[in-house]
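>>> got a sequence here, can you build the structure:
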Amino acid sequence: MVNETRPGPVNDLTTLYRDTIVKHAVNPVGFEQEIHATHRKEIFNPLCGDRVEVQLRLEGESVEAMAFSGEACAICLASASLMCENLPACSAAEVEQMQQQMQIAMEEDQPTELPEAFVPLLGVRAYPSRVRCALLPWEAAVEALEE
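Sure thing, here's the model as predicted:
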């Protein structure tokens, strides 16, 4: 029997997901960078062992810089890296709004208006036990902003 892969949205998302996770896990943006953070929060996921600290530097209500550190799986590292690459210049309110959109998109499999840069993370929905890994850095960022 020949094993074929069919082109289409599901396979495209799977490929994009895999490629993005690998790229950002191998060379994560913002990992262990010193940004003179004004806000920081560390979160631990006891179910898988991921530990991530997200740091933000705000100027007024705008995120000037983001960085992170910790020990985590490739999915968590890639999610944090994508945040560090794409969220600077957003307002604190926009970060919170994107976190809510991401959580809805991941947990409820509903259409959402995610920025294109974050769409590859939706591939994690195929692995429900790993959704928490992708959302952990987002939770840390929002909690840091709330403190």
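>>> let me see the contact set for Glu91.
No, residue 91 isn't Glu; it's Ser. Listed by Cβ atoms under 8 Å, 6 or more residues apart in numbering, the contact partners of Ser91 are 61-63. C-beta coordinates here come from the backbone N, C-alpha and C atoms, glycine included.
>>> tabulate those (TSV), appending pLDDT and neighbour count.
Formatted as TSV, the contacts of Ser91 follow (pLDDT from 0 to 100; neighbours: other Cβ atoms under 10 Å):
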residue	pLDDT	neighbour count
Glu61	91	11
Ser62	95	13
Val63	97	23
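>>> I'd like the mean pLDDT over stretch 89-98, please.
Stretch 89-98 shows a mean pLDDT of 95 in the predicted model.
>>> ok, and for that stretch, which residues are buried?
Neighbour counts over stretch 89-98 (16 or more other Cβ atoms under 10 Å) mark 90, 92, 95-96, 98 as buried.
>>> just give me the neighbour total for Ala126.
When counting by other Cβ atoms under 10 Å, one arrives at 12 neighbours for Ala126.
>>> where does pLDDT dip in the chain?
1-11, 13, 109-111 (pLDDT under 70).
>>> for it, longest helix please?
When the chain is parsed with DSSP state H, its longest helix is helix 9-26.
>>> before we move on, the earlier item: can you flag which of the contacts of Ser91 belong to strands?
Residues of the contacts of Ser91 located in strands (DSSP state E): 62-63.
>>> ok but Ala37 is inside a helix, no?
No: counting by DSSP: H, G, I helix; E, B strand; the rest coil, one finds Ala37 to be coil, located in no helix.
>>> ok, and the closest non-adjacent residue to it?
Spatially, and ignoring its direct neighbours in sequence, Ala37 is nearest to Gln55 (3.6 Å; Cβ to Cβ, 6 or more residues apart in numbering).
>>> what ranges do the strands span in the chain?
Assigned by DSSP E, the strands in the chain fall at 39-44, 51-59, 62-71.
>>> can I get those in CSV with distance to Glu113?
Formatted as CSV, these follow (distance: least, Cβ to Cβ, whole Å):
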stretch, distance to Glu113
strand 39-44, 25
strand 51-59, 23
strand 62-71, 19
